[in-house]
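Asks: With the sequence up front, the predicted model follows.
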Amino acid sequence: MIEIIDQFSVQGAIKSYERLERGHINDTFKVVTTDQEYLFQKINHKIFKDVSGMMRNIQRITDHLPAAYDRLGITSQEALQLIKTHRLENYVHHEEGYFRMFDFKSHLKSLDVPESEEQIFEGAKSYGFFLRALNDFNPSDLSVTLADFHNLDYRIRNFKEAKAKIKNVKSHSAADQIAMVTLLTQQLLPVWNLDALSLVRKRVTHNDTKFNNVLLNQLNKGCCVIDLDTVMPGIVHYDFGDGIRSTACTAAEDESDLQWVSLDRNRFFAFKEGYLEGAKDELDATEIQFLPLSGAYMAFIMGLRFLTDYMEGNTYYKIDHPNHNLDRCKNQFKLSQDILHQLNDLK
């Protein structure tokens, strides 16, 4: 570890490093020197196979954001800072893997679950600011770090391949969920068509807008968007929808008692108000028209991924028990259906 850390241009002598229980993809550590604190990560190159492309994306985005925030007069927002190596590279390829380093924003905090609607508003506003600050950044300049990440057509194809391997679908433990896929696909296809048919503008999107990917200050104001691995070309509905899916649900993603799973309208409107305040007049009428549907779309995409993994023997997601992915699927399908049920009011 010390040998690898020493390849980065850190200030001061290394005092300590400790593993942080953050995220499920990369291994994350806090490094403390005599002068400063740093966030040090081992990149999961089995997930992010194009490490150089991903790191080039992050470098470009973190270079762009400070000047963009300043130009727009958004003084409340900070950007991550990549720490380069002594050879002026933005990551290290070592026999142990791929490593990178950021500044550690010890004055800010990350919450897995928002504690109030005010926090949701602030987190969503930071995501809106992020979209607006990257308005003049050409998305085609970015590498695609995870191909087909939110591609409904791709997820349906994977689902059908898994289904074709099942001898008796009607007697399968996920038979009810398998039967729901066709109807939900038909109802949510309009969101996918926005991207597939180029009906709305392709933008630079974050694509993983969970609440813990925004850092708050001690006054609970959103200050910094983090975890930029999935920043790539997309449509605004992926960011808005995933924000709704992950912050406006009344239960955890793997809650198995579905009576507790629904859309919290107050949280929905808190996220909506914050996001639109941050994005200001950046979105056009068509984009805004489909924002309410995007939460159902993203919940369905996640449910479909959980279902497919369950049908294939739980090979992708970590599970705590054999039906974990099935529970997750039922949960996300229920949330998607509840958003569809409330759609007129949400509009």
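Replies: On my side now, so go ahead.
Asks: Contact partners for F102?
Replies: 38-39, 41, 80-83 (C-beta atoms under 8 Å, 6 or more residues apart in numbering). C-beta coordinates here come from the backbone N, C-alpha and C atoms, glycine included.
Asks: What of I2?
Replies: Per C-beta under 8 Å, 6+ apart, neighbours of I2: I14.
Asks: ok, it to E89 distance?
Replies: 19 Å (C-beta to C-beta, to the nearest Å).
Asks: so how far is stretch 18-38 from its chain's centroid?
Replies: Mean-position distance between stretch 18-38 and its chain equals 20 Å (C-alpha atoms, centre = their mean, to the nearest Å).
Asks: And stretch 211-231, by the same measure?
Replies: 11 Å.
Asks: can you give me the helices in this structure?
Replies: 2-5, 51-71, 117-133, 152-164, 175-196, 236-247, 265-279, 285-289, 291-311, 324-341, 343-346 (DSSP state H).
Asks: Return the most buried member of the ones you listed.
Replies: helix 236-247 (a mean of 27; mean count of other C-beta atoms under 10 Å).
Asks: list the helices and strands it packs on?
Replies: helix 117-133, helix 175-196, strand 203-205, helix 265-279, helix 291-311, helix 324-341 (3 or more C-beta pairs under 8 Å, 6 or more residues apart in numbering; DSSP states H and E).
Asks: Looking at those, which is nearest to D257?
Replies: helix 324-341 (9.5 Å; C-beta to C-beta).
Asks: roughly how far apart are the residue nearest the centre of the chain and F268?
Replies: The centroid of the chain falls nearest to D208 when counting by C-alpha atoms, centre = their mean (0.8 Å). D208 is 19 Å from F268, where distance means C-beta to C-beta.
Asks: domains of the protein?
Replies: 2-103, 117-346 (automatic domain parsing).
Asks: I'd like those domains laid out as TSV, including mean pLDDT and distance to L111.
Replies: Shown next, in TSV, are the domains of the chain (pLDDT from 0 to 100; distance: least, C-beta to C-beta, whole Å):
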stretch	mean pLDDT	distance to L111
domain 2-103	95	12
domain 117-346	97	6
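Asks: so which of those domains comes closest to S110?
Replies: Nearest of these (C-beta to C-beta): domain 117-346, 4.9 Å.
Asks: about what we covered before: kindly list the main-chain dihedrals of the residue nearest to the centre of the chain?
Replies: For D208, the backbone dihedrals (degrees, to the nearest 10) come out as phi -150, psi 60.
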